[in-house]
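Chemist: build me a model:
(one chain, ligands or ions: 1)
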Amino acid sequence: MEIQKQSKQQQEFALASMTELASSSSSSSFCSDSQSVPVTARFSADNGVVELRFNRESESADSISVDVKTARLFKLGGLQSVCITKASGADTGKEKYSTGVTVQFRNEEESRAFHCAFEQWKKEVTVQGTLLTDGAVTACKSKFDDKIEPSSAKLYFHYYGQLLHQQNMLQDYVRTGTYYAAVIENRADFFGRVVVDVGAGSGILSFFAAQAGAKHVYAVEASEMADYARKLIAGNPSLGEKITVIKGKVEEVELPEKADILISEPMGTLLVNERMLESYVIARDRFLVPNGKMFPTVGRIHMAPFSDEYLFVEIANKALFWQQQGYYGVDLTPLHASAFGGYFSQPVVDAFDPRLLVAPAISHVLDFTEIKEEDLYEIDIPLKFIASVGTRVHGLACWFDVLFNGRKYCTKVAYNCPWCAYHPLVPITLCSVSATLCGGRTRNYWPAPDGCPQCSELHCIFNFVS
Ligand SMILES: C[S@@+](CC[C@H](N)C(=O)[O-])C[C@H]1O[C@@H](n2cnc3c(N)ncnc32)[C@H](O)[C@@H]1O
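Modeler: Just a heads-up that it's a prediction; the model follows:
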């Protein structure tokens, strides 16, 4: 496909031909198309104005320029589209759209890529604060907009737009190393394939896919981090030439082709809390070929009651402040019960010793290849435990793991069990454990919910940055 990404400011497409539609107010530069003369369409941005210029490199070097802000692109047929733009002076009320160019693409892939680029450049206009007056983009509400409050989405993407937070994730070596191992050990799943990195952040997973021989990787990222990812790609040209960053939400962007495999790191607190799994599933439905692969493939939430007197006392002590009767002459005790209840309604986010568990865990499986997005809105997990010891239960411990169901099981992993140096011959899983009274953040444990298969050790080895 001939998409030449010169820079963020320019993008050029080769066309089979083009014809300018007759306009009542302007003289037509092109009344007929010619197959013999190279025809190109180039997007460019200058000072927030995005222009689309159709060029025919004839002797007279004809060109037609379109302001992307006001232009609309419609498909006429498989390989033909028309780009309509407001004529200048159209606000006379007579005629709203009066110039147009019919373009003929050389093949469907190029047609899709052009339409995708058109939407992207239109968004650039919106993002740069030059709001569309005809609502072409703003009126198009996506599933994301339906679900997430605009203010909360803004905060969310602002957070991920900062290098600091991406660095935290990159420095979580269990997380990043596990992804690296999952991709590289399963390079057969990536080699020669089209990959979509869902929520690419810095683009690290796209680089892994490129290293594994992907044919092309589309790195979709909605936050400002997309611009940093482009920089990183420009600085790593041999891998970067296989990666295209698409700035936008996976619920909204268009891609020029379907993906053979999706890669993503959509896990949040207790797997589902960040609600990014929903975007992962939407990306599956929008971009993945039937029976395409997903890395990760399956997630599991595990729960078991635990008994931890020390933790209980530690939390209870936090409310002791409110037992003061003479705090600068004020009796705080009327608020003690509320403070006590408040502390115990918060999840305690920490690692715990699995020996504190008092019953076998119940596991809830989420198969990302099959689950419906709606199934993630509300998750009911019936709990019934039979305690193996007679003791006081202080709370519910919850943890999760995900599985990368690659073609080849891991034969070498990035780490050994820190206690007995065992190398597992198991599918790679990324596992995290959190001790909670009712919820919790995550920490990474030796990567199997039952501990190291050899020594059964389960102690926490790394923090998972959530
Ligand atoms: C947990 S981070 C992972 C980043 C990167 N893939 C990595 O592994 O280091 C999730 C990323 O997905 C992006 N993201 C979340 N929801 C998205 C959506 N609906 N569309 C596009 N990007 C999204 C966030 O901005 C964030 O950069």
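Chemist: residues from this structure in reach of the ligand?
Modeler: 144, 157, 160, 169, 199-202, 204-205, 220-223, 225, 249-251, 265, 276, 279 (Cβ under 6 Å from any ligand atom). (C-beta placed from N, C-alpha, C; glycine too.)
Chemist: report the contact partners of the residue of the chain found nearest the ligand.
Modeler: Residue nearest to the ligand within the chain: Gly199 (2.2 Å; Cβ to the nearest ligand atom). Contacts for Gly199 (Cβ atoms under 8 Å, 6 or more residues apart in numbering) come out as Val220, Glu221, Ala222, Val250, Ser264, Glu265, Pro266, Met276, Ser279, Tyr280.
Chemist: look up how far Lys69 lies from Leu21.
Modeler: 19 Å (Cβ to Cβ, to the nearest Å).
Chemist: give me the more crowded residue out of these two.
Modeler: The neighbour comparison of Leu21 against Lys69 (other Cβ atoms under 10 Å) goes to Lys69, with 24 against 16.
Chemist: the more buried one touches Val50, doesn't it?
Modeler: Yes. Counting by Cβ atoms under 8 Å, Val50 is a contact partner of Lys69 at 6.6 Å.
Chemist: mind listing the helices for the stretch 151-300 of the chain?
Modeler: Per DSSP state H, counting those that start in this stretch, the stretch 151-300 of the chain carries helices over the ranges 163-170, 173-185, 204-211, 225-235, 237-240, 276-287.
Chemist: need the winner for burial among those.
Modeler: Ranked by mean neighbour count under mean count of other Cβ atoms under 10 Å, the helices of the stretch 151-300 of the chain are led by helix 204-211, which reaches a mean of 25.
Chemist: test my guess that Leu232 contacts Gly201.
Modeler: No. With contact defined as Cβ under 8 Å, Leu232 does not reach Gly201; the gap is 10.3 Å.
Chemist: what pLDDT does Ala210 get?
Modeler: On pLDDT, Ala210 comes in at 98.
Chemist: please name the bridge partners of Trp399.
Modeler: For Trp399, the beta-bridge partners under DSSP bridges are His302, Val433.
Chemist: low pLDDT regions in the stretch 351-466 of the chain?
Modeler: 408-466 (pLDDT under 70).
Chemist: do the chain as well
Modeler: Applying pLDDT under 70 to the chain flags residues 1-9, 22-36, 58-61, 86-98, 124-141, 408-466.
Chemist: select the longest helix from it.
Modeler: Secondary structure of the chain per DSSP state H: the longest helix is helix 108-127.
Chemist: buried sites along that helix?
Modeler: By neighbour count on 16 or more other Cβ atoms under 10 Å, the buried set for helix 108-127 is 110-125.
Chemist: name the nearest of these relative to Pro256.
Modeler: Distance ranking of these against Pro256, using Cβ to Cβ, places Ala113 first at 3.6 Å.
Chemist: if I look at the closest one, how far off is Leu332?
Modeler: Using Cβ to Cβ, Ala113 is found at 65 Å from Leu332.
Chemist: just give me the neighbour total for Leu155.
Modeler: Counted with other Cβ under 10 Å, the neighbours of Leu155 add up to 10.
Chemist: just checking, Pro256 touches Ala113?
Modeler: Yes. Pro256 is within contact range of Ala113, at 3.6 Å (criterion: Cβ under 8 Å).
Chemist: quick one on the thing from earlier: return the subset of the residues of the chain next to the ligand lying in strands.
Modeler: Those of these mapping onto strands are Val220, Glu221, per DSSP state E.
Chemist: sorry, back to before: now the longest helix of the chain: how far from the chain's centre is it?
Modeler: 19 Å (Cα atoms, centre = their mean, to the nearest Å).
Chemist: so which elements touch it?
Modeler: In terms of contacts (3 or more Cβ pairs under 8 Å, 6 or more residues apart in numbering; DSSP states H and E), helix 108-127 is packed against strand 10-15, strand 39-46, strand 49-56, strand 72-75, strand 80-86, strand 243-247.
Chemist: mind running it again at 7 Å?
Modeler: Counting contacts by 3 or more Cβ pairs under 7 Å, 6 or more residues apart in numbering; DSSP states H and E, helix 108-127 packs against strand 10-15, strand 39-46, strand 49-56.
Chemist: need these in TSV (columns: distance to Asp353 and mean neighbour count).
Modeler: Shown next, in TSV, are these (distance: least, Cβ to Cβ, whole Å; neighbours: other Cβ atoms under 10 Å):
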stretch	distance to Asp353	mean neighbour count
strand 10-15	55	19
strand 39-46	56	18
strand 49-56	57	19
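Chemist: of all the ones you listed, which lies closest to Met303?
Modeler: Relative to Met303, the nearest member of those by Cβ to Cβ is strand 10-15, separated by 48.9 Å.
Chemist: helix or strand next in line after that closest one, which one?
Modeler: Next helix or strand after strand 10-15 toward the C-terminus (DSSP states H and E): strand 17-20.
Chemist: measure the residue nearest to Lys249 when sequence neighbours are not counted to Phe144 for me?
Modeler: Distances taken as Cβ to Cβ, 6 or more residues apart in numbering place Ala222 nearest to Lys249, at 4.5 Å, with adjacent residues excluded. Remark: distance between Ala222 and Phe144 (Cβ to Cβ) = 8 Å.
Chemist: so which of these two has more stuff around it?
Modeler: Each of Ala222 and Phe144 has its neighbours counted (other Cβ under 10 Å); Ala222 has more, 23 against 17.
Chemist: who's in contact with that one?
Modeler: Phe157, Gly248, Lys249 (Cβ atoms under 7 Å, 6 or more residues apart in numbering).
Chemist: ranking those residues by neighbours, who comes first?
Modeler: Neighbour max across the contacts of Ala222 (other Cβ under 10 Å) = Lys249, 23 neighbours.
Chemist: from memory that residue sits against Asp145, does it?
Modeler: No. When contacts are counted by Cβ atoms under 7 Å, Lys249 is not listed as touching Asp145 (8.7 Å).
Chemist: for this protein, identify the residue most remote from the centre.
Modeler: Gly329 (53.3 Å; Cα atoms, centre = their mean).
Chemist: give me the phi and psi for the spatially most central residue of the chain.
Modeler: Nearest to the geometric centre of the chain sits Gly199, at 1.8 Å (Cα atoms, centre = their mean). Gly199 adopts backbone torsions of phi 70, psi 70, taken as degrees, to the nearest 10.
Chemist: again, but for Ala387
Modeler: phi -70, psi 140.
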